[in-house]
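Peer 1: Got a predicted model here, sequence first, then my questions.
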Amino acid sequence: MTAWEPIASETPATTEHGFSPAFEVARAQIAGSEAGQPPPTPLVFASPHSGRLYPPDMMAAARLTAQDLRGSEDAFVDDLIADAPALGVCVIRARLARAYIDLNRDAWELDPAMFEDALPDFAQARTARVAAGLGAIARVAGEGRPIYARKLTFAEAKARIETAHRPYHDTLDRLLAQARNAHGLAILVDWHSMPAAAARGHRARGGGPCDIVLGDRFGAACGPKLTGLMEKTLEGLGYRVARNAPYAGGYTTEHYGRPTRRTHAIQVEINRALYMNETTREPTEGLARLKADIESVTARLVATDWAELL
């Protein structure tokens, strides 16, 4: 069983925010490895959108219920990659819901229209994601429904960033640094899920709607060997794979994917129809098969000699 480690020292529990911790880490647990030892592989998996917690301070300001907001979760994605530590991969996962704070956004991507006071000059108020209502603090949920019944204050946004977003990325940055120090490079795989409707609108390389989209920022975020290996392995397992459309990789892939600095990042979007009922949000029989296939992909990555990426 995967041992999740709460990073309590960096995400303190507070009565005000009603959660602890904001995220968890599962370190590599392969036989013979000991606590405090360097990571046995250069691989780090992340699941920033699988959190299920809606803190009281958010719900007190919301017009929607937690059930209304669950459609934005990458449901079960953390379960799909939970076996990776046994193969030598470190995993970090969010516990807070994406609607509370989106860890796959720049921390300061904030919509001025959501706040009763002025935002600081460094706020990223004019990005495409903010315009769509999906900044670091989302303005809308599914079907464009406004989330909040009142305007927020900048102090509320800052609290979410300082207690969740910043510690998550500080920890992720440290995990990647540990991998680089031990292996000469780090490989980050950022795992997500996509609605079946989004998948139907884009064709996979071999034809038909895509099952999985690999986003490498059109080759800027990782070496071609990583994208090619994942694509070939997934196709060999029977999945229809597309690259960079409709998802080329979000903030995490763009921010950390620096091949010239020995860090390679790729985003994986999985069609939810493969493993869950999107209406009831219950898992289907496909969950077990997909989890086993992701374990096979992970094992292939672990067994790869990444010297060519250096």
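Peer 2: Sure, I can see it.
Peer 1: What pLDDT does the model give the closest residue to residue 208 other than its chain neighbours?
Peer 2: Distances taken as Cβ to Cβ, 6 or more residues apart in numbering place residue 240 nearest to residue 208, at 5.3 Å, with adjacent residues excluded. Using the backbone N, CA and C atoms, a C-beta is placed for each residue, glycine as well. If you check residue 240, the pLDDT there is 95.
Peer 1: do you know how far residue 240 is from residue 203?
Peer 2: Remark: distance between residue 240 and residue 203 (Cβ to Cβ, to the nearest Å) = 8 Å.
Peer 1: Tell me which of the two has more neighbours.
Peer 2: residue 240 (19 against 14; other Cβ atoms under 10 Å).
Peer 1: That one contacts residue 212, correct?
Peer 2: Yes: in this structure, residue 240 is within contact of residue 212 by Cβ atoms under 8 Å, at 7.5 Å.
Peer 1: ok, then the element right after the helix or strand containing residue 46?
Peer 2: Element membership for residue 46, per DSSP states H and E: strand 43-47. The helix or strand immediately downstream of strand 43-47 is helix 56-61, counting by DSSP H and E.
Peer 1: just to revisit the earlier point, shared neighbours, residue 240 and residue 203?
Peer 2: Jointly contacting residue 240 and residue 203 under the rule Cβ atoms under 8 Å, 6 or more residues apart in numbering are 209-210.
Peer 1: Could you list the low-pLDDT ranges of the stretch 51-200 of the chain?
Peer 2: In the predicted model of the stretch 51-200 of the chain, no residue satisfies pLDDT under 70.
Peer 1: hey, where'd the strands end up in it?
Peer 2: Ranges of strands in the stretch 51-200 of the chain, per DSSP state E, counting those that start in this stretch, are 90-94, 186-194.
Peer 1: Tell me which of those strands approaches residue 59 most closely.
Peer 2: Nearest to residue 59, of all the strands of the stretch 51-200 of the chain, is strand 90-94, at 17.4 Å by Cβ to Cβ.
Peer 1: Check what contacts that closest one and list those residues.
Peer 2: Residues from elsewhere that reach strand 90-94 (Cβ under 8 Å, 6+ apart): 2, 4, 22-28, 39, 43-51, 78, 81-82, 84-85, 103, 168, 171-172, 175, 179.
Peer 1: The nearest residue to residue 177 once chain neighbours are set aside: neighbouring residues, count only.
Peer 2: Once flanking residues are discounted, residue 177 sits nearest to residue 186: 7.5 Å by Cβ to Cβ, 6+ apart. Around residue 186 sit 28 other residues, with neighbours defined as other Cβ under 10 Å.
Peer 1: Kindly report the same for the one 10 residues further on.
Peer 2: The burial count assigned to residue 196 is 15, neighbours taken as other Cβ under 10 Å.
Peer 1: Find the nearest non-adjacent residue to it, please.
Peer 2: Leaving out its chain neighbours, the residue that sits closest to residue 196 by Cβ to Cβ, 6+ apart is residue 273, at 3.8 Å.
Peer 1: Could you confirm the one you found falls within a helix?
Peer 2: Yes: judged by DSSP: H, G, I helix; E, B strand; the rest coil, residue 273 forms part of a helix.
Peer 1: wait, isn't it in contact with residue 197?
Peer 2: No: using Cβ under 8 Å, residue 273 is not in contact with residue 197, being 9.3 Å away.
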